[in-house]
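Asks: what shape does this take:
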Amino acid sequence: MSAGPLVVEIICTCCLAAFLLHRYGDLRKQNILTTLTTFISWYFSFLIIFVLPLDVSSTFYRQCLQDKAPKILTTTTTTTTLKPVNVTNTSDTSTIFSSTVPSSPALQGLNNVPVPLCQVPLSHVPENVLPTLWQVVYWTSQLLTWIILPIMQSYSTAGDFTVAGKIKTALIENAIYYGSYLLIFGVILIYVVAKADLQVDAERLKVIGITASNTWGLFLLILLLGFGLVEVPRSVYNSSKKGFVLSKTYFKISKLSTEKTEADEALEDVLDEIKKVSEKIKYNHPLRKHIDTILLKCPETMRHAVPQNNDDYEDYNRSSIDIPSEKTLVRLHKRVIQDSQNHHRTHAQWNSLMQKAIDLEDVERNEQSSITKFQRSQHSSSMMPAFVRVFYTPEIEWYWRCKVYFWVMRVCGVILAVVTFMVVWSECLFFVKDPILSLFAVFINAAKHNYDYVFIELSSILTIAYLCFCAYYSIFQIRILNLYYIAPHHQTDEFSLMFTGMMLCRLTPPMCLNFLGLIHLDSHITKEDNIEETSYTKIMGHMDVISFISDGFNIYFPIILVLLCICTFFSLGSRILHFLGVQQFIGDDDMTQELVDEGRQIVQREKRNRDRKLDSAERRREWTEKFGATSRSSDRVIGPRTDRERAREKETVARSPDENDKTELLKEAEPIDYTGELSSAADTDFSQGYQRSSTLRSNRFGSRTSNAPPRGIFDDV
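Replies: Okay, here's the model as predicted:
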């Protein structure tokens, strides 16, 4: 008996949740409450996944003690001599032996032979530890998923300017959400009250609440698994097909380009409205602080385009001024928040897909190269640390990405397809007790009889983790209303982080109950009275308050998983959406091929833009190195510039919405030195008159901006 494995898993799970939150979120810009609640929701959900297998192994040990206890009593009544039970404790295992003197003459030769009874798991802890842990973890996660996180989500997108107003808006927006949950709870409560043989007490109400929550979670879980169990192995296997992933990436870029343009236009439109409102509300108006609050929610590149409007010459008592009301500003504030989130989402996805396409093009180019050394383009970015690059040399990278990677993905896809078949088979037949048809129950029971607790815990962790990954993969692959996304490198916004925490807390408990049913550790599924329950089940209870839920819905509803998997395998949903006009990636379709070609052109255009920016930066650097002395000599003629003027020249002005690509190209134009040109013209054409020479003298000894281009140089533009 040791608490070491439990403590190690608690610490490792905490580190895993912190690492993922740091990778996907931006801790410096997020609100501290968002970071805290998201961390707790992720941490407790991961804790259920990794600690439940320890509970399973401890349950098998208690079941062994329960099964062997009657045998010990029977032996003591039939033996002539009873020796004390010897308990041998070692660092690895602890075994209980019973040595007796058999009363039968035929068994006299078995005297003093130890009979092994039960082997204690290495991760076994006292009986009161896991129930206390499950109490804290389960009820905290339920409080987060049903109350705190939904309100925080609506609070973060509310347009009100006061805390009370934001809370009121959040409660109103969640009325439908809470109504669906209360409806399920009310129906179950009415059913319990109507039945004469059931009494309503605190324990029954707790079970009713858990039943309603798990019923909702199981319904959503089956829908998500029906997509993820098929799509995850297929995506892994398709990644081994050369060119397939690149074509699909081109398709996504082509679709996302439209969304990105719409998001930019929507943000520019709302920024124009902010400009108009800012012109009407001056700096000393009581509503000006709300305008400043709205501007803080805009992207930094667009925030400076709105004038501060510090003029106070207007009279606010005039009725002709149409000053917007506070409700108008609230609606405008909400639009800014939503459009800014959409703008950030599309740009984060755009950068991610563009970088992925560039990397895949590098792989495709290196496959055709005769040099066995991976060569990256100047647009490719290697995110590996320096010490990794020491071992992961370009030669090793070429063999891995061009030769080995495709075979590894193919093998992994086949393995995941086998695991998917095992899950679907077990979900359909886990309620059959004799013979045992659930494959996971067969493997776990075989390991239980051999006291192989390590295999039990590892297989349980891998199975639950695979179910979780398939379910959560479906959430972000479907992208409900394009509101949520998760992107690495600190690109995920607060709204999506809270959504992931909410879904983790909501789906993990019913998923673990479903797993316990798969391995036949739920007595209300196996209908066995002498089975030992896990500590998790004792806290969760059984959904036997309503017979049609405990006997029907929770057992036979997972069979629908087969139909959903068949529809996903044949891409029935994608084909229906494609038929209705929604663009979907269908390999044998002309429209799909057109979008793929368009995406390829977009990537090439983006690479040319990046090349032009790099060339412009290189020319500017060379110009500065070459003519740096000229600028310093002009400083001596004109006079020394102050530090503020130098800093102002180094500042980069953000691009405003009114600018376009033409102005960007003009900004990136190579600077021209007109000094030498004017000097040569003065030497050759000095006879043209006094005005020409005076102009040259004024240009030569004038101000800093005296080196102006000749008149009419831009007449053809």
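
Asks: give the contact list for Glu273.
Replies: Leu332 (CB atoms under 8 Å, 6 or more residues apart in numbering). From N, CA and C alone the C-beta is placed, and that goes for glycine too.

Asks: which helix or which strand is home to it?
Replies: helix 244-280 (DSSP states H and E).

Asks: what angle do helix 244-280 and the very next helix or strand once past that helix make with each other?
Replies: Proceeding N to C from helix 244-280, the next assigned helix or strand is helix 288-296, under DSSP H and E. Per axes from the mean of the first three to the mean of the last three CA atoms, to 10 degrees, the angle that helix 288-296 makes with helix 244-280 is 160 degrees.

Asks: same for helix 288-296, what does it pack against?
Replies: helix 244-280, helix 326-367 (3 or more CB pairs under 8 Å, 6 or more residues apart in numbering; DSSP states H and E).

Asks: and if we set it to 10 Å?
Replies: Packing partners of helix 288-296 (3 or more CB pairs under 10 Å, 6 or more residues apart in numbering; DSSP states H and E): helix 244-280, helix 300-303, helix 326-367.

Asks: hang on, Cys402 packs against Gln375?
Replies: No: in this structure, Cys402 is not within contact of Gln375 by CB atoms under 10 Å, at 11.2 Å.

Asks: which of these two has more neighbours?
Replies: Cys402 (18 against 13; other CB atoms under 10 Å).

Asks: returning to what we had before: can you list residues touching both of Cys402 and Gln375?
Replies: By CB atoms under 10 Å, 6 or more residues apart in numbering, Cys402 and Gln375 have these common neighbours: Asn366, Ser369.

Asks: hang on, the earlier thing: any idea of the mean pLDDT in the helix holding Glu273?
Replies: Helix 244-280 shows a mean pLDDT of 89 in the predicted model.

Asks: likewise for stretch 406-418?
Replies: 94.

Asks: output stretch 600-610 as PDB, restricted to C-alpha atoms.
Replies: Output of stretch 600-610 as PDB, limited to C-alpha atoms (Å, rounded to 0.1, in the frame of the first residue of the first chain):
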ATOM      1  CA  ARG A 600      -2.700  27.100 -54.100                       C
ATOM      2  CA  GLN A 601      -2.700  30.500 -55.800                       C
ATOM      3  CA  ILE A 602      -3.400  32.200 -52.500                       C
ATOM      4  CA  VAL A 603      -0.400  30.500 -50.900                       C
ATOM      5  CA  GLN A 604       1.800  31.500 -53.800                       C
ATOM      6  CA  ARG A 605       0.600  35.100 -53.600                       C
ATOM      7  CA  GLU A 606       1.200  35.100 -49.800                       C
ATOM      8  CA  LYS A 607       4.700  33.900 -50.400                       C
ATOM      9  CA  ARG A 608       5.400  36.600 -53.000                       C
ATOM     10  CA  ASN A 609       4.100  39.200 -50.500                       C
ATOM     11  CA  ARG A 610       6.500  37.900 -47.900                       C
END
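
Asks: give me the buried positions along that stretch.
Replies: Arg600, Ile602, Val603, Glu606, Lys607 (16 or more other CB atoms under 10 Å).

Asks: and if you look at stretch 511-523?
Replies: Quick answer for stretch 511-523 (16+ other CB under 10 Å): Met511, Cys512, Leu513, Asn514, Phe515, Leu516, Gly517, Leu518, Ile519, His520, Leu521, Asp522.

Asks: same question for stretch 345-365.
Replies: In stretch 345-365, counting by 16+ other CB under 10 Å, buried: 345-350, 352-354, 357-363.

Asks: for stretch 31-48, same thing?
Replies: Going by 16+ other CB under 10 Å, stretch 31-48 has these buried residues: 34-35, 37-48.

Asks: sorry, back to before: what's the closest of the helices and strands packed on helix 288-296 to Gly179?
Replies: Within the helices and strands packed on helix 288-296, the stretch nearest Gly179 is helix 326-367; the backing value is 22.2 Å (CB to CB).

Asks: mind putting the buried residues of stretch 600-610 in CSV, distance to Thr463, secondary structure and pLDDT included?
Replies: Shown next, in CSV, are the buried residues of stretch 600-610 (distance: CB to CB, whole Å; DSSP: H, G, I helix; E, B strand; the rest coil; pLDDT from 0 to 100):
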residue, distance to Thr463, secondary structure, pLDDT
Arg600, 41, helix, 93
Ile602, 41, helix, 93
Val603, 40, helix, 92
Glu606, 42, helix, 90
Lys607, 44, helix, 89
